[in-house]
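fold the stuff below for me.
(one chain, ligands or ions: 4)
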Amino acid sequence: QAKAGGAGGRAVYAPDLRSAATERHVYCLDLHRAATSGEFVLFYQPQVRLADGTLTGAEALIRWMHPTRGLLTPAAFLPQLEKGRLVGAVGTWVLDEACAQAARWMRSGVEDFRIAVNIFGAQFHYGDLVRDVAHALGRYGLPSEALELELTENIVLSSDDSVLDTLHRLRELGVGIAFDDFGTGYASLSMLTQYPLTRIKIDRSFVSRMLQSPREAAVTGAIIQIGRELGISLTAEGIETDLQRDYLSSRLCPEGQGYLFGKPMPAAMFETELARRPLSGPQASPRTYCGQ
Ligand code: C2E
Ligand code: MG
Ligand code: MG
Ligand code: MG
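Ligands and ions are numbered 1, 2, ... in the order given. Next comes the predicted model:
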């Protein structure tokens, strides 16, 4: 049958199809090896109080130390990972590793530290997220208030009542629940009243455009206002300039995150930052957390 298609057609189409399939296959094997042989690592990005720049915590962000392709960011592998069966195990590993790291930092004297961990949608549907969280907290002796789970509105939307129930049980444990990338998905405002949220993360797209566009500024201001009225904390994502920070601060957004304060970095580097930087608290110095 290989001959029947004609040499020309095969030459044009078949090799491409074959290599695409092979590539996908290799990639899956690759992901499996990565998950089982420690090629995934967590980077940590500072989160700060905008008023004085002091550190409030860190968001854990996954990276893949690929043996031949180098350091990969989530865009390169999360879509593929989320399609497969490994996603649950990787999600559990992220949770465990982030809690272990945060507990080490807190034991070494860092007070009032909060670690933010991103959750995959699959973690709500397979396995037992509440049990995994309780285990991770217990294993490392991390106080539950020090852990915040970040989920996108689309995860919550694409799901049933069991997700709401899971979120309530997580809140009962004392863990924080943050809505990530807020304002970019399909959530309606009523979700803010229905879900037991403790934080809204204002998406970077608003922050990057708000100083040029009065409309983006208005929406950003309105999100902050809603959060404040509901007694929900707010973090602005993707702050890259002093002007953005000053504007958000003047609009009373309490916290922020972005390259202005620090890029995601390996744990060892974050530790150096921790040692150098004032933490939020009475003795905190008024200068900004990180200039570059
Ligand atoms: P996210 O949770 O919204 O994380 C913030 C993303 O914005 C990170 O990208 C971070 O590096 C980037 N970022 C932070 N500050 C700035 C800035 O000032 N400017 C710009 N241009 N970008 C900034 P990253 O690490 O590539 O992660 C992308 C997404 O992948 C995350 O978005 C999150 O949805 C997902 N993700 C990352 N790590 C994990 C994980 O461990 N588990 C799960 N479930 N998802 C993860
Ligand atoms: Mg996040
Ligand atoms: Mg985000
Ligand atoms: Mg995002």
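
get me the contact residues on the stretch 101-250 of the chain for ligand 3.
Counting by C-beta under 5 Å from the ion, the positions of the stretch 101-250 of the chain adjacent to ligand 3 are 180, 181, 237. Any C-beta I mention is one placed from the backbone N, CA and C, and that applies to glycine too.

for the second one, what are its contacts?
For residue 181, the set of contacting residues under the criterion of C-beta atoms under 8 Å, 6 or more residues apart in numbering consists of 152, 153, 201, 203, 204, 237.

separation between the second one and residue 273?
The span separating residue 153 from residue 273 equals 31 Å under the rule C-beta to C-beta, to the nearest Å.

those two: which is more packed in?
Neighbour count, other C-beta atoms under 10 Å: between residue 153 and residue 273, residue 153 has more, with 21 against 17.

correct me, but the more buried one touches residue 190?
No - taking C-beta atoms under 8 Å as the definition, residue 153 is not a contact partner of residue 190, at 11.7 Å.

which regions of the chain sit below the pLDDT cut-off?
Low-confidence regions of the chain, defined here as pLDDT under 70, cover residues 1-26, 158-159, 278-292.

please enumerate the helices of it.
7-36, 74-83, 87-107, 122-125, 129-140, 153-157, 161-173, 190-194, 204-209, 214-230, 242-250, 267-276 (DSSP state H).

go ahead and confirm residue 95 touches residue 139.
No - under the criterion of C-beta under 8 Å, residue 95 is not in contact with residue 139, lying 10.7 Å apart.

the more surrounded of those two?
Residue environment comparison for residue 95 versus residue 139 gives the larger neighbour count to residue 95, 24 against 12, counting by other C-beta under 10 Å.

can you pull the contacts of that one?
By C-beta under 8 Å, 6+ apart, the contact set of residue 95 is 117, 119, 132, 133, 136.

rerun at 7 Å
With contacts defined as C-beta atoms under 7 Å, 6 or more residues apart in numbering, the neighbours of residue 95 are 117, 132, 133, 136.

for residue 140, same thing?
Residues 99, 100, 103 are the ones in contact with residue 140 under the rule C-beta under 7 Å, 6+ apart.

run the last query once more with 10 Å
Contacts were defined as C-beta atoms under 10 Å, 6 or more residues apart in numbering; by that measure residue 140 touches 96, 98, 99, 100, 101, 102, 103, 104, 106, 107.

for the residues you listed, which one is nearest ligand 1?
Within the set of the contacts of residue 140, residue 98 lies nearest ligand 1; the separation is 7.8 Å, counting by C-beta to the nearest ligand atom.

who does the residue nearest to that closest one when sequence neighbours are not counted bridge with?
The shortest distance from residue 98 to any residue other than its chain neighbours is 4.0 Å, reached at residue 60 (C-beta to C-beta, 6 or more residues apart in numbering). Residues in a beta bridge with residue 60, per DSSP bridges, are residue 44, residue 117.

for residue 256, give me its contacts.
Contact partners of residue 256, counting by C-beta under 10 Å, 6+ apart, are 46-50, 53, 56, 201-202, 207, 234-239, 244-245, 248-249, 289.

make it 6 Å
By C-beta atoms under 6 Å, 6 or more residues apart in numbering, the residues touching residue 256 are 48, 50, 236, 239.

one step back: need the helices of the chain in JSON lines with distance to residue 260, can you?
Compiled in JSON lines, these are given as follows (distance: least, C-beta to C-beta, whole Å):
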{"stretch": "helix 7-36", "distance to residue 260": "31"}
{"stretch": "helix 74-83", "distance to residue 260": "21"}
{"stretch": "helix 87-107", "distance to residue 260": "22"}
{"stretch": "helix 122-125", "distance to residue 260": "31"}
{"stretch": "helix 129-140", "distance to residue 260": "31"}
{"stretch": "helix 153-157", "distance to residue 260": "25"}
{"stretch": "helix 161-173", "distance to residue 260": "31"}
{"stretch": "helix 190-194", "distance to residue 260": "27"}
{"stretch": "helix 204-209", "distance to residue 260": "10"}
{"stretch": "helix 214-230", "distance to residue 260": "16"}
{"stretch": "helix 242-250", "distance to residue 260": "6"}
{"stretch": "helix 267-276", "distance to residue 260": "14"}
